[in-house]
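1. Sequence isn't available, so here's the structure alone:
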């Protein structure tokens, strides 16, 4: 259990650093991600990014459980 928590923490730190690095590049949004603008309010809906993250995390957990 401790190893899984440590691995999860490392993965989250690396993902956070990668997210910040990708923030500097133009066109970082995936097809399927969109922004809703209503007046001064912007809502970012990241469907494709959420799906991709879900698949990656599912595979990672599946591999660690084997």
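-> On my side now, so go ahead. Everything numeric here is computed off the predicted structure, so don't read it as measured data.
2. Which residue is most remote from the mean position of this structure?
-> Farthest-out residue of the chain from its mean C-alpha position, per CA atoms, centre = their mean: residue 39, at 27.3 Å.
3. Pull the contacting residues for that one.
-> Shown in contact with residue 39 (CB atoms under 8 Å, 6 or more residues apart in numbering): no residues. (Glycine included, C-beta is placed from N, CA and C.)
4. Find me the pLDDT at it, would you?
-> The pLDDT attached to residue 39 in the predicted structure is 88.
5. how far away is the residue most central in space within the chain from residue 6?
-> What sits nearest the mean C-alpha location of the chain, by CA atoms, centre = their mean, is residue 53, with 4.8 Å. Taking CB to CB, to the nearest Å as the measure, residue 53 falls 20 Å from residue 6.
6. And for residue 37?
-> 41 Å.
7. Please apply the same query to residue 31.
-> Counting by CB to CB, the separation of residue 31 from residue 6 is 35 Å.
8. Could you pull out the helices in the protein for me?
-> For the chain, the helices identified by DSSP state H occupy 2-22, 47-65, in order along the chain.
9. okay if I get these as TSV plus mean pLDDT?
-> As requested, the helices of the chain are exported to TSV (pLDDT from 0 to 100):
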stretch	mean pLDDT
helix 2-22	84
helix 47-65	86
